[in-house]
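Peer 1: can you look at this prediction? I've put the sequence above it.
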Amino acid sequence: MQKNNKRLSDFFNAELVYRTEDRGVEIERENDGTYTVYARLYKTRIVRKEGISGKISIRTGGWNTQTTTKAINACIPAGWEMYRGKLLTPKSNSISLKENDWTELVEPEWYIKYVHRIY
């Protein structure tokens with residue numbers, strides 16, 4: 001992993017703010033005590049973690065590049081991977097990303113229903 005993506009990942013996972021010209025971690029706090037942590041690449045927020053629930057979502061912001069992919073992959077949990085514009089889950093499912101909207105890291109509902117039917 002590149003040094004700058006490692007640093008982005010470390011600060012994002014530790015929920016600590018930092019800024020450089022091309023990467024950063026921002027935290028938005030609400031009056032009710034909730035907060036959201038964002039990993040940023042240039043001016044685009046690419047990974048989001050809801051502080052209390054821990055839900056993680058990603059987006060490319062229209063920048064479907066190797067640089068964006070590597071930065072996203074550095075921040076998301078092990079087992080998840082963004083590859084060629086798709087999100088690969090730990091169970092090897094593929095989720096198409098919404099171009100300018102957030103895609104949450106959850107196994108597809110059809111897979112969850114299928115697994116519960118088997119067991």
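Peer 2: Good, I have the coordinates. Everything numeric here is computed off the predicted structure, so don't read it as measured data.
Peer 1: the longest helix in this structure is where?
Peer 2: In the chain, with assignment by DSSP state H, the single longest helix is helix 3-14.
Peer 1: quick one: the strands in the chain?
Peer 2: For the chain, the strands defined by DSSP state E cover 18-19, 23-29, 35-41, 44-50, 56-58, 81-83, 86-88, 94-96, 103-104.
Peer 1: who wins for proximity to residue 65 among those?
Peer 2: Residue 65 sits nearest to strand 35-41 of all those, at 9.3 Å, using C-beta to C-beta. No exception for glycine: its C-beta is placed from N, CA and C like everyone else's.
Peer 1: list the contacts of the closest one.
Peer 2: With contacts defined as C-beta atoms under 8 Å, 6 or more residues apart in numbering, strand 35-41 is touched by 8-9, 12, 15, 22-29, 45-52, 63, 67-68, 71-72, 75.
Peer 1: which among those end up buried?
Peer 2: Neighbour-count burial (16 or more other C-beta atoms under 10 Å) applied to these gives 8-9, 12, 23-25, 45-49, 51, 68, 71-72, 75.
Peer 1: now flag whichever of these is closest to residue 1.
Peer 2: Closest to residue 1, out of all of those and judged by C-beta to C-beta, is residue 9, at 7.4 Å.
Peer 1: contact partners for the residue nearest to that closest one when sequence neighbours are not counted?
Peer 2: Distances taken as C-beta to C-beta, 6 or more residues apart in numbering place residue 74 nearest to residue 9, at 4.2 Å, with adjacent residues excluded. Applying C-beta under 8 Å, 6+ apart to residue 74 gives the contacts 1-2, 5-6, 8-9.
Peer 1: tell me how far residue 9 lies from residue 47.
Peer 2: 9 Å (C-beta to C-beta, to the nearest Å).
Peer 1: give me the common contacts of the two.
Peer 2: Joint contacts of residue 9 and residue 47 (C-beta under 8 Å, 6+ apart) are 39, 75.
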